[in-house]
Each structure stands twice: as structure tokens, then as C-alpha cells.
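Q: My questions concern the predicted model and sequence given below.
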Amino acid sequence: MLKFAFLGVYGYTPYHHDGKRIFVPHMMGWQDFKKRLNFSKFTYCYRCGLPQDKLYCPSAHPDLSLGDKGKKKCPLEDFSVLFMWFIWHDENWWTRAVAAFPQLHFSMNAQAFGDWEKAGDSLHSFYNGLEMVLWFFSERDLEKRQT
């Protein structure tokens, strides 16, 4: 999924160069970051971070509410967390995110960013991290329409 973000934003992928895989230093640590995002049962999918409510659950997401724990795979695994990590590590997108979300600041460490990401869930909004992912796609869509 992160490859998609780089392709969509920059027109290239950092994972391959001249047919060889390259190391992307800031990609280290996202798995630990993901572990900080824990949700109440059947609110958000632990694997992808998207809502499980029937009203908001993407059609590509399997119904996991039947208790078939471990039997169904999430086709969108790591979707949200990788975009959150990408935004936090990309200078352009992080600057825009700080402007769009007043609680964010440039000197946030992983702990503070993770605490912010998982907060904010209410009747009127998703958790902050998912709101930021939705904001990212909205901004990308707006940019595409303006060009």
C-alpha cells in the first residue's frame, strides 16, 4: 500500500531502483507503531484499521463479526497504518497534515504521534489516524481535479 502512496504522490516507488530492491530507512518501526493502535472489539479491523460497522465497512472487507477469528483474511491489511506512517515521514505531507490537524506538531515522536492517532473516535468522527488517511485521499483527489 505504501508503494501506492509513493506512486500516486511522486510517480515512482522507492522500493526498486534499476531493478534492485533498495532499503527505505524511515520504514523501520511501522510494525511497532501499528501495535499501539488497539480498538474495541468490532469497531475497527485490527489488521487494516478500517471500520467494521456495516454502514462504513468497505465492500472489499469480509464480515468478521461472526466470530470466525483467524479463519478470514483481511485483504486490506496494514492499509491505514502504512498511510499514517507515510504521511508522518514525508516532509510535504507532514507539513500539510500539521496545518490541517491543529493537535499535530513537527517535533512529535512516535509515542506522541501514536497517542494522537488512536484518539478522537466519537459519534461524529473516526479515530484521528483514519481521519488523516481520509484527509490524505481527499487532498490527492482535489489535486488531481485541479491539474
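A: Structure's in. What do you need?
Q: what pLDDT does Ser138 get?
A: The model reports Ser138 with a pLDDT of 93.
Q: Residues in contact with whichever strand or helix holds it: which ones?
A: Assessed by DSSP states H and E, Ser138 sits inside helix 128-146. For helix 128-146, contacts defined as CB atoms under 8 Å, 6 or more residues apart in numbering pick out 5, 8-9, 37, 44, 49-51, 79-81, 83-84, 87, 93, 96-97, 100-101, 103, 116-120, 125-126. Where you see a C-beta, it was placed from the backbone N, CA and C, and this is true even at glycine.
Q: What of stretch 107-124?
A: 29, 32-33, 36-39, 43, 84, 88, 103-104, 126-129, 131-132.
Q: With adjacent residues omitted, what lies nearest to the spatially most central residue of the chain?
A: The chain has Ser80 as the residue nearest its centroid, 2.5 Å off, counting by CA atoms, centre = their mean. Of all residues not flanking Ser80 in the chain, Gly49 sits nearest, at 3.1 Å (CB to CB, 6 or more residues apart in numbering).
Q: Could you verify my assumption that the one you found touches Trp85?
A: No: judged on CB atoms under 8 Å, Gly49 makes no contact with Trp85 at a distance of 11.5 Å.
Q: between those two, who's got more neighbours?
A: Gly49 (27 against 24; other CB atoms under 10 Å).
Q: you'd agree the more buried one is in a helix?
A: No: counting by DSSP: H, G, I helix; E, B strand; the rest coil, Gly49 is not part of a helix but coil.
Q: quick one: pLDDT of it?
A: The model's pLDDT for Gly49 equals 86.
Q: Next: Ser107.
A: Ser107 is given a pLDDT of 92.
Q: Validate this expectation: it resides in a helix.
A: No: assessed with three-state DSSP, Ser107 is coil; it does not lie in a helix.
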